[in-house]
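# Predicted coordinates and the sequence they were generated for:
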Amino acid sequence: VQLQASGGGLVQAGGSLRLSCAASVRTFSTYDMAWFRQAPGKEREFVATISWTNSSTYYADSEKGRFTISRDNAKNTMYLQMNSLKPEDTAVYYCAARVRFSIRWNYWGQGTQVTVSS
């Protein structure tokens, strides 16, 4: 499984960005997908996840109401719509995948930089 994240950039506080994660796998619909992020000097942290069934989503508390995770299985792509961005959202955002019913996130994209200016 190869994951390619894109859509990052520089945005002012209060602005929006939409990240995409394209997966090169035949059975994309059988993978849970997630976004993580890592700010400078900090550990990687969970942002949001969407189940392989496309029916369950879960967010970190700080992202609830501002971020929306979604997926299009026909396009083998996952998205993260980020609204009301804050400077503390600045980080490298990584997409991850795991085979359904697994616990560990086995596959990772290369990351896309999001910078929010105040």
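Thanks, I have the structure now.
# Look up how far G15 lies from the most far-flung residue of the chain relative to its centre.
The centre of the chain is farthest from one residue, S118, which by Cα atoms, centre = their mean lies 22.4 Å away. As judged by Cβ to Cβ, to the nearest Å, S118 and G15 stand 11 Å apart. Yep, even glycine has a C-beta here, placed from its N, CA and C like the rest.
# Same question for R98.
31 Å.
# Show me which of these two is the more surrounded one.
Neighbour count, other Cβ atoms under 10 Å: between R98 and G15, R98 has more, with 18 against 14.
# distance of the residue most central in space within the chain from M78?
Centroid check for the chain by Cα atoms, centre = their mean gives W35 as the closest residue, at 2.7 Å. Computed as Cβ to Cβ, the W35 to M78 distance reads 8 Å.
# which neighbours do those two share?
Shared contacts of W35 and M78 (Cβ atoms under 8 Å, 6 or more residues apart in numbering): 21, 69, 95.
# beta partners of the second one?
Following DSSP bridges, I69 is listed with bridge partners L80.
# my guess is it contacts A48, does it?
Yes. I69 is within contact range of A48, at 4.1 Å (criterion: Cβ atoms under 8 Å).
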